[in-house]
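**Q** structure for this input, please:
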Amino acid sequence: MRKRRTCLKCGESFVSGGAANRICAECRRLNDRWPLPELLLQLQRGVMRRNGRLIGAALLQAGARRRR
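**A** The predicted structure follows:
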């Protein structure tokens, strides 16, 4: 469903292609030009949890820290 939304990156209003589309076309182009390694993205996003438990790569990183 097409709906007018606010871009989560720049704050400008844009016509979204659906509920999962929260970043405008211009910001999406900028993101595509600056590829970041997955680990850096995870550090920027913070620890991922589901029902209080670590999930995904955050779980692997926590396990690696415990082994040191």
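**Q** tell me which residue is most central in this protein.
**A** Central residue of the chain (C-alpha atoms, centre = their mean): Arg45, 6.4 Å from the mean position.
**Q** how near is it to Gly56?
**A** Arg45 sits at a distance of 10 Å from Gly56 (criterion: C-beta to C-beta, to the nearest Å). Heads up, the C-betas are built off the backbone N, CA and C, glycines and all.
**Q** and Arg5, that one's in a strand?
**A** Yes - per DSSP: H, G, I helix; E, B strand; the rest coil, Arg5 lies within a strand segment.
**Q** how close does the residue nearest to it when sequence neighbours are not counted get to Arg45?
**A** Distances taken as C-beta to C-beta, 6 or more residues apart in numbering put Ser16 closest to Arg5, at 4.2 Å, once the chain neighbours are dropped. To Arg45, Ser16 is 21 Å away according to C-beta to C-beta.
**Q** try Ala19
**A** Taken as C-beta to C-beta, the span from Ala19 to Arg45 is 20 Å.
**Q** same check, this time on Ala20
**A** According to C-beta to C-beta, Ala20 and Arg45 sit 17 Å apart.
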